[in-house]
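K.L.:
Sequence first, predicted coordinates after that:
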Amino acid sequence: MSTTPPSAIIITDGGLPALVAAAIEAERAISSGAQDGDGNGGGKSGGVVSLMPWTSQPVLAAVQDAAVTSLARFFRFESIETPELRLGSIAAKASLLDTLGLLAAVEVARGAWCQRIIWPVQYHADHDSVPAQLDRIAAAVDRALLVSRLSLLESDAAADEITIETPLVDLTDSQIADLAVDLDAPAYLCWWWHRHGEPEVESLAGVERRAWLGALGDAGWVQTEPAVQYD
């Protein structure tokens with residue numbers, strides 16, 4: 001692992017919004033490296049981007065972790081180990097998992113001397129359904145802000161505040177798909193791309209697959225999985 005503090009830590013479940021966030025940061029790193037003349041994407045923003053796996057549902061942990069590993073290899077990012085947080089027998093709500101993920105990311109960021117976390121949360125929505133999602137969107141933004149402020153309790157100075165960004169939270173599926181097409185993001189690396197033998201996993205993957213392939217198709221996406229894997 002690099003000794004240079006990462007420029008950002010992306011919380012990722014291996015889905016399309018997380019892929020788009022990674023592609024945006026890859027473009028940012030290339031631009032920063034070109035401006036600084038070092039060509040390595042470091043620049044003034046810091047070192048390489050790190051990906052922190054965080055599953056959207058416990059049953060998907062294995063397939064989503066595998067997808068994050070593939071994303072890290074493709075973008076040449078670092079994949080970092082997630083702090084283990086045990087819920088025991090608690091049937092955790094999605095909102096609780098979100099909060100735990102943010103707290104885990106803050107802990108990782110503090111240890112890595114990174115002050116920027118990207119949480120690519122996004123709720124499946126189209127133009128007509130966005131108004132119905134406003135409460136969820138506002139809650140996500142508030143959660144990111146409150147956890148960011150909470151991080152100050154463990155800091156020695158205000159300069160140590162860790163910022164949690166939610167750049168995709170109010171985007172529709174179509175807008176996410178447009179970004180994926182514009183960035184030529186490799187959607188075949190998403191956790192839902194391949195069919196899974198486990199019925200519960202495949203049921204959840206099928207929902208994501210239908211939603212995102214439909215949106216990508218409408219955006220003019222024609223990308224296919226390469227026959228030869230990258231190094």
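P.N.:
Okay, I see it.
K.L.:
The worst-scoring helix or strand of the chain on mean pLDDT - contacts with which helices or strands?
P.N.:
Across the helices and strands of the chain, mean confidence by mean pLDDT, DSSP states H and E is lowest for helix 16-36: a mean of 84. Helix 16-36 makes packing contacts with strand 9-12, helix 61-75, helix 173-182 when contacts are defined by 3 or more Cβ pairs under 8 Å, 6 or more residues apart in numbering; DSSP states H and E. Backbone N, C-alpha and C define where each C-beta goes, glycine included.
K.L.:
Sketch out the low-pLDDT regions of the chain for me.
P.N.:
Flagging of the chain using pLDDT under 70 yields the residue ranges 1-3, 33-47, 83-92, 127-128, 154-159, 226-231.
K.L.:
Just the buried residues of the least confident helix or strand of the chain, please?
P.N.:
Neighbour counts over helix 16-36 (16 or more other Cβ atoms under 10 Å) mark 16-26, 28-29, 32-33 as buried.
K.L.:
cool, stretch 113-131 as well?
P.N.:
Within stretch 113-131, the residues scored as buried using 16+ other Cβ under 10 Å are 114-123, 125.
K.L.:
still on that earlier bit, for the helices and strands packed on helix 16-36, which one sits closest to residue 146?
P.N.:
Minimum separation from residue 146 across the helices and strands packed on helix 16-36 (Cβ to Cβ) falls at strand 9-12, 15.7 Å.
K.L.:
List the neighbouring strands of the closest one plus their orientation.
P.N.:
strand 50-53 (parallel), strand 116-118 (parallel) (DSSP bridges).
K.L.:
Could I get the full set of helices for this protein?
P.N.:
Ranges of helices within the chain are 16-36, 61-75, 94-112, 134-150, 173-182, 199-218, based on DSSP state H.
K.L.:
Any idea how far the first one is from the middle of the chain?
P.N.:
In terms of Cα atoms, centre = their mean, to the nearest Å, the centre of helix 16-36 is set 13 Å apart from its chain centre.
K.L.:
ditto for the last one
P.N.:
For helix 199-218, the gap between its own C-alpha mean and the chain's C-alpha mean amounts to 18 Å (Cα atoms, centre = their mean).
K.L.:
how about the CA coordinates for it, as CSV?
P.N.:
Extracted in CSV, the C-alpha atoms of helix 199-218 (Å, rounded to 0.1, in the frame of the first residue of the first chain):
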residue,chain,number,x,y,z
PRO,A,199,-31.2,-17.6,-5.8
GLU,A,200,-31.4,-14.7,-3.3
VAL,A,201,-28.3,-13.0,-4.8
GLU,A,202,-29.5,-13.5,-8.3
SER,A,203,-32.9,-12.1,-7.4
LEU,A,204,-31.3,-8.9,-6.1
ALA,A,205,-28.9,-8.8,-9.0
GLY,A,206,-31.7,-9.1,-11.5
VAL,A,207,-33.4,-6.0,-10.2
GLU,A,208,-30.3,-4.0,-10.6
ARG,A,209,-29.4,-5.5,-14.0
ARG,A,210,-32.8,-4.7,-15.5
ALA,A,211,-32.8,-1.1,-14.1
TRP,A,212,-29.3,-0.2,-15.2
LEU,A,213,-29.1,-2.0,-18.5
GLY,A,214,-32.3,-0.3,-19.5
ALA,A,215,-31.0,3.1,-18.5
LEU,A,216,-27.7,2.4,-20.2
GLY,A,217,-29.4,1.3,-23.4
ASP,A,218,-31.4,4.5,-23.5
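K.L.:
circling back: for residue 132, state which of the buried residues of helix 16-36 is nearest.
P.N.:
residue 17 (18.6 Å).
K.L.:
From residue 100, how far out is the nearest residue to residue 77 once chain neighbours are set aside?
P.N.:
Among residues not flanking residue 77 along the chain, residue 49 sits closest, at 4.7 Å (Cβ to Cβ, 6 or more residues apart in numbering). To residue 100, residue 49 is 22 Å away according to Cβ to Cβ, to the nearest Å.
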